[in-house]
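In: Provided below are the primary sequence and the corresponding predicted coordinates.
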Amino acid sequence: MLRNNFSEGVIPVIFIAVWAIMFIGIASFIVISIVRNVRKNAENARMPQETLHARVVAKRTNVWGDHATTSYYVTFELDTRERAELKLSGAQYGMLAEGDDGMLTYQGDRFLEFQRNYI
């Protein structure tokens, strides 16, 4: 009986190659994500911490993923009419309402604190 040596040798090699490419792609994605995160944190750490008068002009959420992960964002308008959208935790997000007026403390694109002015 004749055996097909071609298919016995090529298919496992193709299978291994596909898995190797997938592994390298996923590993590269993870490494690139980590490097970007470290760079962004270092950049924020180099920025001066600023406290400016600001008003909350918008709030939004972004829900993504299979397990409904939510990101929270608030847009602040500074006295200079410049706007800054910052990512907040859910607890911080819940404490703010559109129209709130107060002192915003941030560093780079990192939200630190918002102290509401009470009338």
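Out: Okay, I see it.

In: next, the contact list for residue 99, please.
Out: Residues counted as contacts of residue 99 (C-beta atoms under 8 Å, 6 or more residues apart in numbering) are 55, 56. All C-beta atoms are positioned from the backbone trio N, CA, C, and that covers glycine.

In: how about the secondary structure of it?
Out: Following DSSP: H, G, I helix; E, B strand; the rest coil, residue 99 is assigned to coil.

In: from residue 31, how far off is it?
Out: Noted for residue 99: a distance of 43 Å to residue 31, by C-beta to C-beta, to the nearest Å.

In: with residue 94 instead?
Out: Distance, residue 94 to residue 31, using C-beta to C-beta: 35 Å.

In: count the neighbours of residue 33 for me.
Out: By the measure other C-beta atoms under 10 Å, the count of residues near residue 33 is 10.

In: tell me the pLDDT of it.
Out: If you check residue 33, the pLDDT there is 95.

In: now it: which helix or strand?
Out: In the assignment (DSSP states H and E), residue 33 maps to helix 5-46.

In: domains for the chain, by residue range?
Out: Following automatic domain parsing, one finds the domains of the chain at 1-46, 49-116.

In: done for today, thanks.
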